[in-house]
Every structure is written in structure tokens, then in C-alpha cells.
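Engineer: here is the input, now give the coordinates:
(chains A and B)
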Protein chains: 2
Amino acid sequence: MSLIVVGSIALDTVITPFKVVREVLGGSATYFSYSASYFNKVRLVGVVGEDFPKKFIDDFKDRSIDVAGLKMKKGKTFRWVGEYKYDLNIRETKKLELNVFADFSPDIPDSYKNSKYVFLGNINPSLQLNVLKKISKPKLVACDTIDCWIKNDFKKLLQIMKMVDIFFVNDSEARELSGVSNLILAARKIRSLGPKIVIIKKGEHGSMLFSDGWHFVVPAYPLENTVDPTGAGDSFAGGFMGYLSTCKRINEEEIKRALVFGTVTASYCVEDFSIYRFQTLSKEKIYSRFKELKKITHFEDI
Amino acid sequence: MSLIVVGSIALDTVITPFKVVREVLGGSATYFSYSASYFNKVRLVGVVGEDFPKKFIDDFKDRSIDVAGLKMKKGKTFRWVGEYKYDLNIRETKKLELNVFADFSPDIPDSYKNSKYVFLGNINPSLQLNVLKKISKPKLVACDTIDCWIKNDFKKLLQIMKMVDIFFVNDSEARELSGVSNLILAARKIRSLGPKIVIIKKGEHGSMLFSDGWHFVVPAYPLENTVDPTGAGDSFAGGFMGYLSTCKRINEEEIKRALVFGTVTASYCVEDFSIYRFQTLSKEKIYSRFKELKKITHFEDI
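Structural biologist: Numbers count the residues shown, from 1 in each chain, chains lettered A, B, ... in the order given. Have a look, this model is predicted:
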């Protein structure tokens, strides 16, 4: 079924101890779309400036990402400069230029309004609400957030949380949002605020999913070489939602598989800068890591 | 088959933000023995002072822990005072009194010398060597270490590493020992130093096992209430070795199950101070978490 995403599209400059890349394609909607595109067509909603390379738009199209909802506005594209030290888990934002993203007011093309699966990337909760209202009858709504909205726009965040089925959050944000340190208790608290399912992302330590009466844990796919963690969370959500949106029925087994597929697409994402790793990725490679994750986590009963 | 452990036996004072317990039973050999005792009889090697409560010795016996190798020496028992802040992952040693442990020279009773499964707790590598030499024909030798020996007795540590089959180490120690940040590469480096199997303990994030051509990952059992992490690593090793020492054949499947049983016994350990949680534990409860871990990590192929 149809899948729509709204989020940021950015030109990122990423500094790691090993390499620096400048003005490469980034943003939450970008990573989500690339990742989900291995499972389903994606309807992209976002804004870029006039300086946004046409090649990037062509690349979206090549991956069957619908750009009818990608608006080009007068001005410069959203830019982010981030630095990772040797511990790639810690990121520092060196510079943030919102540019055309500052007064982003998402337009939803008519062709998108019947979308059934909705992913609201980690933009301002007011914008998330704004988008959600324009979708006529969504079947499943997921959203992500960042600490910035927990700190500065908590009321609106609570409002959107009441309207979503699945809430993605990382471990430190889950603690901040719930005021609870233990992640199981934090997830319970967050579920009490609305979402039926809470997915806590723990980076290199994998993820945990909490639903009504059951939970599920997936370790990260063990990687020998992590190049750039930027976009891992959005690629994770992309794999999850991309797979789920193709399922005939949504049940516990499919949701578990979706979490594993998200784990896989995130693992590929971080093996290179920007969306470069996706450019050589195939559905077969994704499935091979899915099977590998099964092999390294399953054990037989005694 | 017979299982022997050598390590510390201590009187611990543990400070957490919620409670303080004074002079409770602790030490690596203690936690290992209690945990392993749910699977097999354990032959304990260690030293205590004259002040060591007789009740603790009776408790060992009640759990079928053989105390023929537990020496009582003139002087005071080894004492440790540790403090955890709200983040229970970070421990600070406030005080360490070696006492009778200072010149511990393990005697191995004749009745222990035919032991087949050997666990060398995280004591000085010279003592580990000393013990190992006295076991006539071990079938499987495992050892643990702490950063103190990596820093101060690296040559001896390298010597013992050449003689063991299984090496337990936590994530930060694995990085320190190998000089490599990525844990897969660190495990490979450590395996090149001798051990056939390397088990990296990651606390609340679970564990990873690396063998020849295969690896295995188990998340920690999700707990709502961690009371005291002291002894988690030794309880983990105890569950692992306890189960493995009862297997008819040692193969990949049994080793995987052993890692899951270690995960389970460690999860029980941290639910209370000292070895208190073991006092109400049963084999059935251990098996029930084993099955629960299967449920929360297994998924079906598409």
C-alpha cells in the first residue's frame, strides 16, 4: 500500500576523524525514502532551495521515489554541518542553516492524499500535525522526533503522539521524554501517551519494540567498519515502514520482521557517507543480512 | 562433567542511590559458583579470613558447592566498597582491602585435580597460571580478566590467554586489550592471541560471542528493575560454564544455548544485592527466562 514521508532534505557536511564530505545529500526524508524504496514506492514531501542539484532529484526518481511533493523554493537548501570524533556514537552539530526549511509549510499533492502508510520525520510537531490532517484515511501513522521538540515544543509533541500508531525515539530521548531511566518503564510511559507501539533505537546496541503485551529486541547488525552514522535512524524507520507497507496483514510476526529489515537498512546506511551505500545496494543484499541476523540471534530450545 | 572455579570471595559494601548494603557476600568465585550451581556441582577454590561468617560456608554447601578448596586463613576477608550512581553502568571503587587475598596462593585439593571444566575468575594472571598447572587434564578452560591486569600484568595475561579456550572480557577491556575500537575487530585480535572463543560482555546491551567462522549475539534480558549490577559478569560466566559443563557434546548449538543461560543467570543476579536473588531462584525460573529470550528475539523468515 501507498507510503508517504515528510521530513527534511538537506545538504550535509560531515566531518569524521577519517574523512570529510561536503554538501552531500542528507536529511531525514532522504534517508527514509532511499531505505524504504527497496520495498515500496515512496511519496516524498519536502522542500529544497534553488541550489539543490538536479542530479539528486533525478536520483530520487531512479529509485521510484515520487517527487510530486518535493517543492523547490527561492533561496538556499537546508544545510547541516556535523562532526563525529573517534567514538562515532557522539555527534556534534557545528552549524545549522535552515534556509528554505525555516518557513516550510508542507503542501500535499492531491495524488498523495489517499496515502495509507504515513511517516512523519523528525520535523517540528506542528508541521507533522499539519501534514497528517491532509491525509484522508491513513491506515498506519508513524512518527519520529528529536530532543529539540521534547525540550521546546512538548505540548504539540504530546498532541501528535495521541494521533500516531508507532513512535520512533532513541534511548536518550525516551528517557528525556518519559522522565524515567529504565527503558522498559520509559516505553510504558510513552505508550500511555498515545502510540500503540514504541520503538526505542539504541544505535550500535540495536533496538527494542514495545507493543500491547509483547516486546521484541533486535541487536544491531555487527559491522566491521562504520563510516558515518548520519541517517541511521531514518534508514531504520525507512526499512521498517517500507517493509510493513507491503504486508497484506499487520500482525506481530510482520512487525518483528519489519524491525529486522529496519536494522538491516540502517546497517547498510552507516557503511558509507550520505546515501552512497544505497546506490550499490540490492534487495538480495538486504535479504542476505536479514538471514544473517537470524543466524546470529536464533538458538534452539533444549 | 566436573567444574572448578578459582576467584575472589569477598565481603562487599555496595552503595546505590536507593540503598546501601554492608559486608554482604561477594567476589567473582562466589557469583560464579552460585550461578553455575543451578546446572552442575561446583568445586570452589578461594581464600577467606577468620571473620568470614560460617553461615556463608553453609550456604555454599546447601547449593552443592564443594568447599574443599576454600581455605580459611588468619586475618581478615577481602573487602570491597563500591558505589553506583543513578546510571548503574558506572561503578566507582571506594575502598579495596585485599587482606588474606594479598598473598593468596591457591591450593588445589587432590579431589579437584581431575576437573574437566575450569573457570579462572578475574584474579592475577600469575595465580590463574598457577591453578591451571595443577589441573591434570582439563577439557575446557575459560578465563576472565579485568582492566587492572591489562594495565599492570600484560605479559602474564598474554601467557594465560595462550592456554585458554574461552576468554571473557567486557567491551571497554576488549578495546583496551586489543587497541581496536570496533568490537568485531577487537575480538578477532584477541582470538589471534590464543582463545578459540571470545565473549564480549556489554552489560545492559547484552553480549557477543566470536568463534572460528561464526559469531552469536544475545541482548540482555530486559529488566524493569536493576538493583545492583555487582557480580553480573561472573554470574554470566557461571551460567555459561555451568550449562556447558553438563553438555554431552560441545558444539555451536550448545555454546549458543550456554550464552543464553549466562544471560539469564546474570539477569537474575542484578535484581537484588549480593547473591540474594539466587536464594529464591529455581531451575524452572531460569528456563522460563531462557524461553522468554527466545520469544523476544526470534522471528520467522519471509
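Engineer: tell me what A:Val47 is bridged to.
Structural biologist: A:Lys71 (DSSP bridges).
Engineer: so it makes contact with A:Lys76?
Structural biologist: No. In this structure A:Val47 lies outside contact range of A:Lys76 using CB atoms under 8 Å: 11.2 Å. C-beta here means a position set from N, CA and C on the backbone, and glycine is covered the same way.
Engineer: give the contact list for the residue nearest the centre of chain A.
Structural biologist: Central residue of chain A (CA atoms, centre = their mean): A:Asp234, 2.1 Å from the mean position. Listed by CB atoms under 8 Å, 6 or more residues apart in numbering or on different chains, the contact set of A:Asp234 reads A:7, A:28-32, A:35, A:121-122, A:144.
Engineer: just to revisit the earlier point, which of A:Val47 and A:Lys76 has more neighbours?
Structural biologist: A:Val47 (26 against 17; other CB atoms under 10 Å in any protein chain shown).
Engineer: which residues does that one contact?
Structural biologist: A:9, A:70-73, A:78, A:100-101, A:104, A:106.
Engineer: try A:Gly75
Structural biologist: So A:Gly75 contacts A:49-50, A:99-100 (CB under 8 Å, 6+ apart).
Engineer: give me the ChimeraX select line for these, limited to the buried ones.
Structural biologist: In ChimeraX syntax, the buried subset of those is picked out as below (16 or more other CB atoms under 10 Å in any protein chain shown):
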select /A:49,99,100
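Engineer: tally of neighbours for A:Lys74?
Structural biologist: Neighbour count for A:Lys74, taken as other CB under 10 Å: 7.
Engineer: in the stretch 151-300 of chain A, which spans are strands?
Structural biologist: A:166-170, A:197-201, A:207-210, A:215-218 (DSSP state E, counting those that start in this stretch).
Engineer: to B:Ser288, which of the ones you listed lies closest?
Structural biologist: strand A:215-218 (15.9 Å; CB to CB).
Engineer: from the contact counts, what lies against that closest one?
Structural biologist: strand A:207-210, helix A:252-269, helix B:283-297 (3 or more CB pairs under 8 Å, 6 or more residues apart in numbering or on different chains; DSSP states H and E).
Engineer: how distant is it from the center of its chain?
Structural biologist: 18 Å (CA atoms, centre = their mean, to the nearest Å).
Engineer: show the average pLDDT along it.
Structural biologist: Average pLDDT, strand A:215-218: 98.
Engineer: relative to it, what are the paired strands and their orientations?
Structural biologist: strand A:207-210 (antiparallel).
Engineer: just put the helices and strands packed on strand A:215-218 in TSV and tack on mean pLDDT and mean neighbour count.
Structural biologist: Below are those laid out as TSV (pLDDT from 0 to 100; neighbours: other CB atoms under 10 Å in any protein chain shown):
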stretch	mean pLDDT	mean neighbour count
strand A:207-210	98	24
helix A:252-269	98	24
helix B:283-297	98	15
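Engineer: per-residue pLDDT, the nearest residue to A:Ala10 once chain neighbours are set aside?
Structural biologist: Of all residues not flanking A:Ala10 in the chain, A:Gly27 sits nearest, at 3.7 Å (CB to CB, 6 or more residues apart in numbering or on different chains). A:Gly27 is assigned 97 on the pLDDT scale.
Engineer: give the contact list for the closest residue to A:Lys134 other than its chain neighbours.
Structural biologist: Leaving aside its chain neighbours, A:Lys134 sits nearest to A:Ile108 (4.2 Å; criterion: CB to CB, 6+ apart). Residues in contact with A:Ile108, defined by CB under 8 Å, 6+ apart, are A:4, A:45, A:69, A:131, A:134-135.
Engineer: just give me the closest of those residues to B:Pro219.
Structural biologist: Nearest to B:Pro219 among the contacts of A:Ile108, with distances taken as CB to CB, is A:Ile4, at 32.3 Å.
Engineer: phi and psi next, for A:Arg22.
Structural biologist: When read as degrees, to the nearest 10, the backbone of A:Arg22 gives phi -120, psi 130.
Engineer: and the pLDDT for it?
Structural biologist: The model's pLDDT for A:Arg22 equals 98.
Engineer: and it, what does it touch?
Structural biologist: A:Arg22 neighbours (CB under 8 Å, 6+ apart): A:Thr13.
Engineer: and stretch A:85-99, end to end?
Structural biologist: 27 Å (CA to CA, to the nearest Å).
Engineer: run the chain-centre distance for it.
Structural biologist: On CA atoms, centre = their mean, the centre of stretch A:85-99 falls 17 Å from that of its chain.
Engineer: with stretch A:58-66 instead?
Structural biologist: Taking mean C-alpha positions (CA atoms, centre = their mean), stretch A:58-66 and its chain are 18 Å apart.
Engineer: buried residues, that stretch. List them.
Structural biologist: Buried-residue list, stretch A:58-66, by 16+ other CB under 10 Å: A:59-60, A:63, A:65-66.
Engineer: which one of those is nearest chain B?
Structural biologist: Of all these, chain B sits closest to A:Arg63, with 21.4 Å by CB to the nearest CB.
Engineer: where does chain A dip in pLDDT?
Structural biologist: Within chain A, no range satisfies pLDDT under 70.
Engineer: picking that back up, farthest-separated two in the contacts of A:Ile108?
Structural biologist: Distance extremes for these: the farthest pair is A:Gly69 and A:Ile135 at 11.6 Å, using CB to CB.
Engineer: between those two, what contacts are shared?
Structural biologist: Common contacts of A:Gly69 and A:Ile135, defined by CB under 8 Å, 6+ apart, comprise A:4, A:108, A:112.
Engineer: show me those that map onto strands.
Structural biologist: The strands, defined by DSSP state E, take in A:Ile4 from those.
Engineer: tally of neighbours for A:Arg277?
Structural biologist: A:Arg277: 21 neighbours (other CB under 10 Å).
Engineer: pretty sure it sits against A:Glu271.
Structural biologist: Yes. A:Arg277 is in contact with A:Glu271 according to CB under 8 Å; the separation is 4.7 Å.
Engineer: how near is A:Leu158 to chain B?
Structural biologist: 24 Å (CB to the nearest CB, to the nearest Å).
Engineer: so that residue is in contact with A:Ser192, correct?
Structural biologist: No. Counting by CB under 8 Å, A:Leu158 sits too far from A:Ser192 to count as a contact (11.3 Å).
Engineer: more neighbours: these two, which one.
Structural biologist: A:Leu158 (13 against 9).
Engineer: ok, the spatially closest residue to the more buried one that is not a sequence neighbour - contacts?
Structural biologist: Among residues not flanking A:Leu158 along the chain, A:Leu193 sits closest, at 6.3 Å (CB to CB, 6+ apart). A:Leu193 sits next to A:158, A:161-162 when contact means CB under 8 Å, 6+ apart.
Engineer: quick check: residues of the stretch 1-150 of chain A near chain B?
Structural biologist: A:86-87 (CB under 8 Å from any CB of the partner chain).
Engineer: try it again at 10 Å.
Structural biologist: Where the stretch 1-150 of chain A comes near chain B, counting by CB under 10 Å from any CB of the partner chain, the residues are A:86-88.
Engineer: of all those residues, which comes closest to chain B?
Structural biologist: A:Tyr86 (6.5 Å).
Engineer: just give the nearest non-adjacent residue to that closest one, would you?
Structural biologist: Using CB to CB, 6+ apart, the closest residue to A:Tyr86 is A:Pro17 (5.5 Å).
Engineer: SS state for that neighbour?
Structural biologist: Per DSSP: H, G, I helix; E, B strand; the rest coil, the secondary structure class of A:Pro17 is coil.
Engineer: would you mark the buried spots in stretch A:180-189?
Structural biologist: Neighbour-count burial for stretch A:180-189 [16+ other CB under 10 Å]: A:180, A:182-187, A:189.
Engineer: now these in a markdown table, with distance to chain B?
Structural biologist: Shown next, in a markdown table, are these (distance: CB to the nearest CB, whole Å):
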| residue | distance to chain B |
| --- | --- |
| A:Val180 | 10 |
| A:Asn182 | 6 |
| A:Leu183 | 8 |
| A:Ile184 | 5 |
| A:Leu185 | 6 |
| A:Ala186 | 11 |
| A:Ala187 | 9 |
| A:Lys189 | 12 |
